[in-house]
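>>> Coordinates for the following, if possible.
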Amino acid sequence: MGDTAMDRQVWMVWRQRIGVIGAILFFLIAIVLIDHLISRFLVKGSEFHVVRGETVFLTGPMPEQASTINQLTAQVSSSDIQFEFQEVFRGYMLGNAMWRATVQPSVEMDSGTYRIRIGDKLGSAHHPGLDVIVHVYPDELSRKKGHGSYLERMWGISIKPALMLMMPMLLVILGCNYLLSCKIAKLFAQEGKAEIYMKKKQADELHVAFSLGTRQGVSVGQAIDILDQREIKMDEAIVISVNETDAIARIPSPLAWQGGGIARLKREELLTSLRLSLSDSSVQEDNT
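Numbers count the residues shown, from 1 in each chain. Got it, this is the predicted structure:
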């Protein structure tokens, strides 16, 4: 029994360390996602960031009276930007008339911010949503530093590579934590104990759930001890529901609850549990 307790303590230390690593990874993933979402909300839909020589597609709403490409006009603030309407189409969400165009800054043009004003030849009132702002950068590195999330601009950390690295690591950590929890639960069960994994207040009593069941000799109405993490007895509980692997017990006075985290069978039930475990082992040996 002593060796079992020692092994269990070792595994619990490892689970705690892995849990800390998992919490740090989860925190970092949350920071990357929040940073990316903030950068998305701060960017206006009419602003575009382009590298010199790159061709990008722009879309926008049609002026009030226009219905064809030939009726559209575009005022570009620099002759080094080539702007060309491609087609008129219906939007996917609301079905409104939209225009699609290509923008290509010259490879020799100066970096900076340029404006394109979309209108028509029919005298429609100008709409602010038809003003397009184009930010031109000399190269991709300059665009990343001047546009995007804070982490990408300051540290070069892009969301896709970051998530592709950290998400598999987090999944591995969660898998290891699960396997260690299963190992610890088995070692606890050998001592007639189990970690309490659920606490729920019900009226004037407290219900706790733990992974000991009829397989370990637990039955409805049975009294069990509630221990703290140092395995010092804090309270008693009465089993009110049990299946083969789990049980729920009630503590009559939730106000007296002092944070116990372990359920333990009493000595006589523990002896019964050990006899059941030995008989199960002998049955398995006979079957083999």
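>>> where does the protein have low pLDDT?
For the chain, the stretches flagged by pLDDT under 70 are 1-4, 43-45, 93-95, 253-260, 267-288.
>>> just the helices in it please.
Taking DSSP state H as the criterion, the chain carries its helices at 2-42, 140-146, 150-155, 159-190, 267-287.
>>> and those helices as JSON lines, adding distance to Ile133?
In this view, the C-beta of every residue, glycine as well, is placed from N, C-alpha and C. What follows is the helices of the chain, written out as JSON lines (distance: least, CB to CB, whole Å):
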{"stretch": "helix 2-42", "distance to Ile133": "14"}
{"stretch": "helix 140-146", "distance to Ile133": "13"}
{"stretch": "helix 150-155", "distance to Ile133": "18"}
{"stretch": "helix 159-190", "distance to Ile133": "24"}
{"stretch": "helix 267-287", "distance to Ile133": "73"}
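>>> Gly91 is nearest to which of the ones you listed?
Checking the helices of the chain against Gly91 by CB to CB gives helix 2-42 as the closest, at 20.0 Å.
>>> what is the orientation angle of the closest one with helix 159-190?
Interaxial angle, helix 2-42 versus helix 159-190 (axes from the mean of the first three to the mean of the last three CA atoms, to 10 degrees): 160 degrees.
>>> Which neighbouring elements make contact with helix 2-42?
helix 150-155, helix 159-190 (3 or more CB pairs under 8 Å, 6 or more residues apart in numbering; DSSP states H and E).
>>> Stretch 10-27: how far from the chain's middle?
Chain-centre distance of stretch 10-27: 17 Å, with CA atoms, centre = their mean, to the nearest Å.
>>> Now do the buried residues in it.
Within stretch 10-27, the residues that count as buried by 16 or more other CB atoms under 10 Å are Trp11, Met12, Arg15, Ile18, Gly19, Gly22, Leu25.
>>> neighbouring contacts of that stretch?
Met166, Met169, Leu170, Ile173, Leu174, Cys176, Asn177, Leu180, Ser181, Lys183, Ile184, Leu187 (CB atoms under 8 Å, 6 or more residues apart in numbering).
>>> if you set the cut-off to 10 Å instead, what comes out?
With CB atoms under 10 Å, 6 or more residues apart in numbering as the contact definition, stretch 10-27 has outside contacts at 165-167, 169-181, 183-184, 186-188, 195, 229.
>>> What separation is there between Val32 and Met164?
Using CB to CB, to the nearest Å, Val32 is found at 11 Å from Met164.
>>> Between these two, tell me which one has more neighbours.
More crowded of Val32 and Met164, by other CB atoms under 10 Å: Val32, with 20 against 10.
>>> Can you tell me how far the closest residue to that one other than its chain neighbours is from Gly146?
Using CB to CB, 6 or more residues apart in numbering and skipping residues adjacent in sequence, the residue nearest Val32 is Ala162, 4.9 Å away. Note on Ala162: its distance to Gly146, by CB to CB, is 20 Å.
>>> higher neighbour count, the two?
Neighbour tally, Ala162 and Gly146, criterion other CB under 10 Å: the higher count belongs to Ala162, 19 against 12.
>>> Test of understanding: give the bridge partners of the residue nearest to Thr59 when sequence neighbours are not counted.
Among residues not flanking Thr59 along the chain, Arg100 sits closest, at 5.1 Å (CB to CB, 6+ apart). Arg100 forms beta bridges with Thr59, Glu87, as assigned by DSSP bridges.
>>> shouldn't Arg100 be in contact with Phe85?
Yes: applying CB atoms under 10 Å, one finds Arg100 in contact with Phe85, separated by 7.6 Å.
>>> Residues that sit against both of these two, list them.
Taking CB under 10 Å, 6+ apart as the contact rule, Arg100 and Phe85 both touch Leu58, Ile69.
>>> of the two, who's got more company?
Phe85 (18 against 14).
>>> Tell me the spacing between that one and Glu205.
73 Å.
>>> Check Asn70 too.
Shown here: Asn70 relative to Glu205, a distance of 79 Å by CB to CB.
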